[in-house]
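Trainee: sequence below, structure please.
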Amino acid sequence: MIIKQALKQKNKLTKQINVLVGRLQKFNSMEEGSVRTYEPREDMDKLTKSIADLVDLKTRIHQANANVYDKIFQLSEYKGLVKYLRMIDCSEGKVSDSRRFGETTSIVKTTVFNQVEMDNLILYYEGEIERIQDELDTHNSTTHI
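Mentor: Alright, predicted model coming up:
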(Lines give C-alpha, C1' and ligand atoms only; values in the text may rest on other atoms or scores of the structure.)
Protein backbone atom coordinates (compact mmCIF):
# COMPACT_ATOMS: atom_id res chain seq x y z
CA MET A 1 0.00 0.00 0.00
CA ILE A 2 1.30 3.46 -0.84
CA ILE A 3 1.08 6.37 1.61
CA LYS A 4 -1.70 8.03 -0.39
CA GLN A 5 -3.87 4.93 0.08
CA ALA A 6 -2.84 4.65 3.72
CA LEU A 7 -3.95 8.23 4.38
CA LYS A 8 -7.36 7.47 2.88
CA GLN A 9 -7.58 4.33 5.01
CA LYS A 10 -6.61 6.36 8.08
CA ASN A 11 -9.50 8.74 7.43
CA LYS A 12 -11.91 5.82 7.01
CA LEU A 13 -10.76 4.25 10.26
CA THR A 14 -11.09 7.56 12.08
CA LYS A 15 -14.63 7.99 10.77
CA GLN A 16 -15.48 4.40 11.72
CA ILE A 17 -14.16 4.98 15.25
CA ASN A 18 -16.30 8.12 15.60
CA VAL A 19 -19.40 6.22 14.45
CA LEU A 20 -18.75 3.38 16.90
CA VAL A 21 -18.16 5.78 19.80
CA GLY A 22 -21.42 7.54 18.93
CA ARG A 23 -23.32 4.26 18.88
CA LEU A 24 -21.84 3.23 22.22
CA GLN A 25 -22.90 6.54 23.73
CA LYS A 26 -26.41 6.21 22.32
CA PHE A 27 -27.15 2.52 22.90
CA ASN A 28 -25.21 1.56 26.04
CA SER A 29 -27.65 3.01 28.56
CA MET A 30 -31.27 3.03 27.45
CA GLU A 31 -34.68 3.04 29.00
CA GLU A 32 -35.73 -0.46 29.97
CA GLY A 33 -37.86 -2.05 27.26
CA SER A 34 -36.37 0.07 24.48
CA VAL A 35 -35.11 -1.69 21.39
CA ARG A 36 -31.32 -1.64 21.01
CA THR A 37 -30.53 -1.27 17.33
CA TYR A 38 -26.84 -1.99 17.94
CA GLU A 39 -25.13 -4.23 20.48
CA PRO A 40 -22.67 -2.21 22.59
CA ARG A 41 -20.40 -5.18 23.36
CA GLU A 42 -20.00 -5.93 19.65
CA ASP A 43 -19.38 -2.26 18.94
CA MET A 44 -16.78 -2.12 21.72
CA ASP A 45 -14.96 -5.09 20.16
CA LYS A 46 -15.06 -3.38 16.75
CA LEU A 47 -13.91 -0.12 18.35
CA THR A 48 -10.87 -1.61 20.06
CA LYS A 49 -9.90 -3.45 16.84
CA SER A 50 -10.31 -0.27 14.79
CA ILE A 51 -8.16 1.67 17.25
CA ALA A 52 -5.45 -1.01 17.08
CA ASP A 53 -5.60 -0.91 13.26
CA LEU A 54 -5.38 2.89 13.31
CA VAL A 55 -2.36 2.88 15.63
CA ASP A 56 -0.61 0.35 13.39
CA LEU A 57 -1.40 2.34 10.24
CA LYS A 58 -0.31 5.66 11.76
CA THR A 59 2.93 4.06 12.91
CA ARG A 60 3.69 2.74 9.43
CA ILE A 61 2.85 6.13 7.87
CA HIS A 62 5.07 7.85 10.42
CA GLN A 63 7.98 5.54 9.66
CA ALA A 64 7.56 5.96 5.89
CA ASN A 65 7.50 9.77 6.24
CA ALA A 66 10.67 10.02 8.32
CA ASN A 67 12.72 11.40 5.44
CA VAL A 68 10.18 14.11 4.51
CA TYR A 69 9.24 15.46 7.94
CA ASP A 70 11.18 18.63 7.24
CA LYS A 71 8.92 19.24 4.24
CA ILE A 72 5.77 18.38 6.22
CA PHE A 73 6.73 20.82 8.98
CA GLN A 74 7.79 23.49 6.51
CA LEU A 75 4.47 23.16 4.66
CA SER A 76 2.54 23.57 7.89
CA GLU A 77 4.54 26.60 9.00
CA TYR A 78 4.27 28.30 5.60
CA LYS A 79 0.50 27.81 5.62
CA GLY A 80 0.38 29.45 9.05
CA LEU A 81 2.63 32.26 7.87
CA VAL A 82 0.37 33.03 4.89
CA LYS A 83 -2.60 33.11 7.24
CA TYR A 84 -0.81 35.63 9.48
CA LEU A 85 0.43 37.74 6.55
CA ARG A 86 -3.16 38.08 5.30
CA MET A 87 -4.12 39.65 8.65
CA ILE A 88 -1.43 42.35 8.61
CA ASP A 89 -2.77 45.86 8.17
CA CYS A 90 -1.16 47.47 5.14
CA SER A 91 -3.27 50.61 5.02
CA GLU A 92 -1.29 53.80 4.63
CA GLY A 93 -2.00 57.47 4.26
CA LYS A 94 -5.03 59.20 5.73
CA VAL A 95 -7.59 56.71 7.06
CA SER A 96 -10.65 56.84 9.29
CA ASP A 97 -10.19 55.41 12.75
CA SER A 98 -13.22 54.38 14.81
CA ARG A 99 -13.01 55.26 18.48
CA ARG A 100 -15.22 54.70 21.49
CA PHE A 101 -18.88 55.67 21.42
CA GLY A 102 -19.03 55.74 17.61
CA GLU A 103 -16.53 58.59 17.35
CA THR A 104 -14.48 58.59 14.15
CA THR A 105 -11.24 60.44 13.58
CA SER A 106 -8.79 60.66 10.72
CA ILE A 107 -5.24 59.46 11.24
CA VAL A 108 -2.23 59.12 8.97
CA LYS A 109 -0.63 55.68 8.84
CA THR A 110 2.71 54.61 7.47
CA THR A 111 3.81 51.08 6.67
CA VAL A 112 7.01 49.12 6.49
CA PHE A 113 5.42 46.61 4.09
CA ASN A 114 2.93 48.19 1.70
CA GLN A 115 0.06 46.20 0.20
CA VAL A 116 1.92 45.31 -2.99
CA GLU A 117 4.93 44.02 -1.02
CA MET A 118 2.65 42.01 1.26
CA ASP A 119 0.77 40.56 -1.71
CA ASN A 120 4.09 39.57 -3.27
CA LEU A 121 5.23 37.90 -0.04
CA ILE A 122 1.96 35.99 0.12
CA LEU A 123 2.32 34.92 -3.53
CA TYR A 124 5.88 33.75 -2.86
CA TYR A 125 4.91 31.60 0.11
CA GLU A 126 1.84 30.25 -1.66
CA GLY A 127 4.19 29.17 -4.47
CA GLU A 128 6.46 27.49 -1.92
CA ILE A 129 3.43 25.75 -0.39
CA GLU A 130 2.42 24.44 -3.81
CA ARG A 131 5.98 23.29 -4.58
CA ILE A 132 6.31 21.45 -1.27
CA GLN A 133 2.84 19.95 -1.61
CA ASP A 134 3.77 18.62 -5.07
CA GLU A 135 6.88 16.99 -3.58
CA LEU A 136 4.81 15.43 -0.81
CA ASP A 137 2.15 14.28 -3.27
CA THR A 138 4.88 12.51 -5.27
CA HIS A 139 6.24 10.97 -2.08
CA ASN A 140 2.75 9.84 -1.03
CA SER A 141 2.07 8.34 -4.45
CA THR A 142 5.33 6.42 -4.74
CA THR A 143 6.34 5.39 -1.22
CA HIS A 144 5.14 2.04 0.04
CA ILE A 145 4.48 1.31 3.68
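
Trainee: now do the helix or strand of the chain with the lowest mean pLDDT: which elements does it pack against?
Mentor: Of all helical and strand segments in the chain, the minimum by mean pLDDT, DSSP states H and E falls on strand 93-98, at a mean of 84. On a contact count with 3 or more C-beta pairs under 8 Å, 6 or more residues apart in numbering; DSSP states H and E, strand 93-98 meets strand 104-109. Quick note: C-beta positions are derived from backbone N, CA and C, even for glycine.

Trainee: by contact count, what packs against the strand it packs on?
Mentor: On a contact count with 3+ C-beta pairs under 8 Å, 6+ apart, strand 104-109 meets strand 93-98.

Trainee: and the strand it packs on, which strands flank it?
Mentor: The strands beside strand 93-98 in its sheet (DSSP bridges) come out as strand 104-109 (antiparallel).

Trainee: fine by me, thanks again.
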